[in-house]
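1. Provided below for reference: sequence and predicted model.
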Amino acid sequence: MNTAGITERELRERVVARARDLGAVLRTDDVALSFADVPATPGYRLFHASWGAGGFEDALSGLLHAGEEPDLLPGHAIETLMEVWSTESTPAAGQVAQALAFMLDPMARREPLLTDDDVAAWGAGRGPVTAPALETDDASGRITRTSFWWRSGLEAQEVVVDVDASGHVTVGGGRSSDRSAVAEAEGGRP
């Protein structure tokens, strides 16, 4: 398969090189790839590269764009997406959150709460959890902040992505919400 001008084998080779930079020891054939299209961003694709098993799994995420080397630095890839979204076509907040969650959690250990229905199912009336939100600069229309929640088990955490005037991204955590008491009150359901 050819993805954004690079074969899957070539992409695996680049992932192995980056993983080695990070201290992992693996072979090209050890790497599994999965892909996701980027909303409102033709020509770009997100990917997860994963390897390992039995408690020794690891993964990284990246961004592909036709004619360019794969971007294997998630922070830089997010900066690229924010710039493209700010200058071309800004997708809905839930779509931005979905793409960012894909990039920030390559092992898919968390479930993003992307819609009002997701938030309602979590029990938004019992905590600070809200649907994804985007903030833009009024003058330029550039995305300056996005926030969303993701959950793992009985805990949800807010993810906040700020973009400064030069386009640099800072990813941080915000508030958290724990459903343990709610689950007990509802008969043990998460």
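-> That came through, no problem.
2. State the distance from Thr28 to Glu69.
-> 17 Å (C-beta to C-beta, to the nearest Å). In this view, the C-beta of every residue, glycine as well, is placed from N, C-alpha and C.
3. Can you pull the phi and psi angles for the residue lying closest to Gln157 once chain neighbours are set aside?
-> Among residues not flanking Gln157 along the chain, Ser176 sits closest, at 4.9 Å (C-beta to C-beta, 6 or more residues apart in numbering). Note on Ser176: backbone dihedrals following degrees, to the nearest 10 are phi -130, psi 160.
4. burial count for Ala156?
-> Neighbourhood size, Ala156 [other C-beta atoms under 10 Å]: 25.
5. for Ser140, same thing?
-> Counted with other C-beta under 10 Å, Ser140 comes out at 11.
6. do the same with Ala101
-> Neighbours around Ala101, by other C-beta under 10 Å: 20.
7. Please apply the same query to Asp138.
-> 8.
8. okay, it: pLDDT?
-> pLDDT recorded at Asp138 is 86.
9. Against Thr144, how distant is it?
-> Distance from Asp138 to Thr144, by C-beta to C-beta: 10 Å.
10. Then Val119?
-> From Val119 to Thr144 the distance is 23 Å (C-beta to C-beta).
11. Which residue ranges of this structure form helices?
-> Remark: helices assigned in the chain by DSSP state H are 8-21, 74-87, 93-104, 116-122, 180-185.
12. my guess is Val129 contacts Ala156, does it?
-> Yes: using C-beta atoms under 8 Å, Val129 is in contact with Ala156, at 5.4 Å.
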